[in-house]
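Participant: missing the sequence, but the structure's below:
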């Protein structure tokens, strides 16, 4: 248990412990910094970007705790949760952000099956395992919040090369709704955000086109982070189970 430091009152997440997966870059990094700004103690998960993780630790200072884990591995996912819990003795918010836009091409059976296995493991099963631990913990401690980063692909499907990605992200939405419906009486709240193209490495890999977005720009990761932090604050409890689309009006349901 950390002795901790005091945080200013009146901030959205003052004194809360927030676990953010995929925190070293993109939406995760923006979320970790925004949560820290709002008074949170941040457990920042990372997988491969060691230098970026180190840089983030410098920004978070003594209210940050970095943990490396491969979320495709159930054992490492479990260790991540246990280390996050041990740091301050409690986790108040889980942000399931880590994910990857992985191909699953029909023409190649080997890459098809591997693509499905990797997409499901990273984009759905890993978050589900963390969510399971979080819900069990929250039920024993008066409640808590899960915010999961899905995708517009969960609503409309993805392109022909990424069918597994869209399916996995749709599963994440269903998981969020199930948690919200099943555990509201225990004080557990669950939300999803569904971004379109966001200015991250993933967007660069997909050659995102800002001209297709009515706002004229690819969504900044900070826009997604601000919504995640607001939902994590619990200030709109009856929004539980909802999915917030963040696409710059590129995709509207």
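Facilitator: Right, received. Where do you want to start? Since we're looking at a predicted model, the values are computed, not measured.
Participant: please name the nearest non-neighbouring residue to residue 59.
Facilitator: Spatial nearest neighbour of residue 59, chain neighbours left out: residue 33 (6.2 Å); criterion: C-beta to C-beta, 6 or more residues apart in numbering. The way it works is simple: take the backbone N, C-alpha and C, and place the C-beta from them, glycine included.
Participant: okay, now the one you found: neighbour count?
Facilitator: 22 (other C-beta atoms under 10 Å).
Participant: what do you get for residue 75?
Facilitator: 9.
Participant: show the contacting residues for the residue nearest to residue 59.
Facilitator: When contacts are counted by C-beta atoms under 8 Å, 6 or more residues apart in numbering, residue 33 touches 56, 59, 60, 225.
Participant: go with 10 Å
Facilitator: Going by C-beta atoms under 10 Å, 6 or more residues apart in numbering, residue 33 touches 20, 23, 42, 44, 56, 59, 60, 64, 221, 222, 225, 229.
Participant: tell me how far the helix or strand hosting it lies from the chain's centre.
Facilitator: Per DSSP states H and E: residue 33 is located in helix 26-37. Offset of helix 26-37 from its chain centre (C-alpha atoms, centre = their mean, to the nearest Å): 11 Å.
Participant: give me the buried positions along that helix.
Facilitator: Residues of helix 26-37 classed as buried by neighbour count (16 or more other C-beta atoms under 10 Å): 26, 27, 28, 29, 30, 31, 32, 33, 34, 35, 36.
Participant: cool, stretch 220-231 as well?
Facilitator: 221, 222, 223, 224, 225, 226, 227, 228, 229, 230, 231.
Participant: from the centroid of the protein, which residue is nearest?
Facilitator: Taking C-alpha atoms, centre = their mean, the centroid of the chain lies closest to residue 97, which sits 1.9 Å from it.
Participant: which phi and psi values does that residue adopt?
Facilitator: Phi and psi for residue 97, reported as degrees, to the nearest 10, are phi -110, psi -30.
Participant: just the pLDDT at it, thanks.
Facilitator: Confidence at residue 97, expressed as pLDDT, is 98.
Participant: mind checking how far it is from residue 111?
Facilitator: 26 Å (C-beta to C-beta, to the nearest Å).
Participant: again, but for residue 67
Facilitator: In terms of C-beta to C-beta, residue 67 sits 31 Å off from residue 111.
Participant: what about those two, which has more around it?
Facilitator: residue 67 (20 against 15).
Participant: mean confidence for whatever helix or strand the more buried one lives in?
Facilitator: Assessed by DSSP H and E, residue 67 sits inside strand 64-68. Across strand 64-68, the average pLDDT comes to 98.
Participant: could you give the angle of it to helix 26-37?
Facilitator: 150 degrees (axes from the mean of the first three to the mean of the last three C-alpha atoms, to 10 degrees).
Participant: that older thread, make JSON lines out of the buried residues of helix 26-37 and add distance to residue 143.
Facilitator: Output for the buried residues of helix 26-37, formatted as JSON lines (distance: C-beta to C-beta, whole Å):
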{"residue": "26", "distance to residue 143": "29"}
{"residue": "27", "distance to residue 143": "25"}
{"residue": "28", "distance to residue 143": "24"}
{"residue": "29", "distance to residue 143": "27"}
{"residue": "30", "distance to residue 143": "26"}
{"residue": "31", "distance to residue 143": "21"}
{"residue": "32", "distance to residue 143": "22"}
{"residue": "33", "distance to residue 143": "25"}
{"residue": "34", "distance to residue 143": "22"}
{"residue": "35", "distance to residue 143": "18"}
{"residue": "36", "distance to residue 143": "22"}
